[in-house]
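A.B. asks: Provided below are the primary sequence and the corresponding predicted coordinates.
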Amino acid sequence: MKPSADGGTSKVRRALCPGSFDPVTNGHIDIISRTASLYDEVVVAVFINQSKSGLFSVDERRDMLVEVTSEWPNVTIDVFEGLVVDYCRVHDIPVIVKGLRAVSDFDYELQMAQMNRGLAGVDTLFMPTNPEYSFLASSLVKEIAKWGGDVASLVPPNVLKRLKERTGSAQ
Ligand code: PNS
């Protein structure tokens with residue numbers, strides 16, 4: 001609790017942006033930055049999925065996120081393994097913010113949101129992605145980069161550099 005303007009106390013408003021972030025894209029940054037303007041504290045948490053090997057390690061994904069969110073002092077980066085609602089409970093975070101690119105995202109996101117609400121009372125808020133990024137996905141970025149396509153407009157410069165190094169693409 002922190003003192004509020006009227007002399008009372010107000011609860012710190014915290015939100016969680018969970019995801020795989022393999023790697024973080026401009027679409028993710030759009031959602032994270034807008035969430036940072038709405039909440040006191042935003043935790044961006046990289047989910048460790050043991051059954052799926054990514055292009056980047058979890059540490060690399062975290063490092064890229066730390067670099068690209070440095071301009072927002074209320075954003076911190078973490079990694080987690082397990083249920084997202086357990087992470088929320090341990091860190092006293094009542095709400096998950098998810099970006100919605102298109103209707104195709106909605107079915108699965110709604111299912112997860114309702115499950116998380118049922119499991120632990122954690123709410124999910126859906127934020128429409130900037131239309132500029134409605135087609136953008138980490139999986140597409142990786143595939144394009146792998147074949148030497150130009151992804152410079154889709155990811156921040158530090159991610160572009162790492163993608164080039166990792167995929168050996170020359171662009
Ligand atoms: O970037 P992604 O891959 O779409 O992120 C999905 C993620 C990590 C947010 C989701 O899979 C998740 O919350 N995983 C944690 C495990 C969990 O809580 N599963 C039950 C969801 S109802």
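C.D. replies: All right, it came through fine. Residues are numbered from 1 along each chain as shown.
A.B. asks: for the rest of this, base every contact and every neighbour count on C-alpha atoms.
C.D. replies: Noted.
A.B. asks: what's the neighbour count on residue 61?
C.D. replies: Residue 61 has 21 neighbouring residues, counting by other C-alpha atoms under 10 Å.
A.B. asks: distance of it relative to the ligand?
C.D. replies: In this view, residue 61 and the ligand are 12 Å apart by C-alpha to the nearest ligand atom, to the nearest Å.
A.B. asks: send the alpha carbons of the host helix or strand of that residue over as CSV?
C.D. replies: Using DSSP states H and E, residue 61 sits within helix 58-68. Written as CSV, here are the backbone C-alpha positions of helix 58-68 (Å, rounded to 0.1, in the frame of the first residue of the first chain):
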residue,chain,number,x,y,z
VAL,A,58,14.8,-18.1,-21.8
ASP,A,59,17.7,-16.1,-20.6
GLU,A,60,18.2,-14.5,-24.1
ARG,A,61,14.5,-13.7,-24.3
ARG,A,62,14.6,-12.1,-20.9
ASP,A,63,17.7,-10.1,-21.8
MET,A,64,16.1,-8.8,-25.0
LEU,A,65,13.0,-7.8,-23.1
VAL,A,66,15.1,-6.0,-20.5
GLU,A,67,16.8,-4.0,-23.3
VAL,A,68,13.6,-3.0,-25.1
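A.B. asks: what comes up buried for that helix?
C.D. replies: Buried residues in helix 58-68, defined by neighbour count with 16 or more other C-alpha atoms under 10 Å: 58, 60, 61, 62, 64, 65, 66, 68.
A.B. asks: wait, isn't the third one in contact with residue 44?
C.D. replies: In this case it means residue 61. No - if you go by C-alpha atoms under 8 Å, residue 61 and residue 44 don't touch, sitting 11.1 Å apart.
A.B. asks: poorly predicted segments of this protein, please.
C.D. replies: For the chain, applying pLDDT under 70 flags the ranges 1-10, 170-171.
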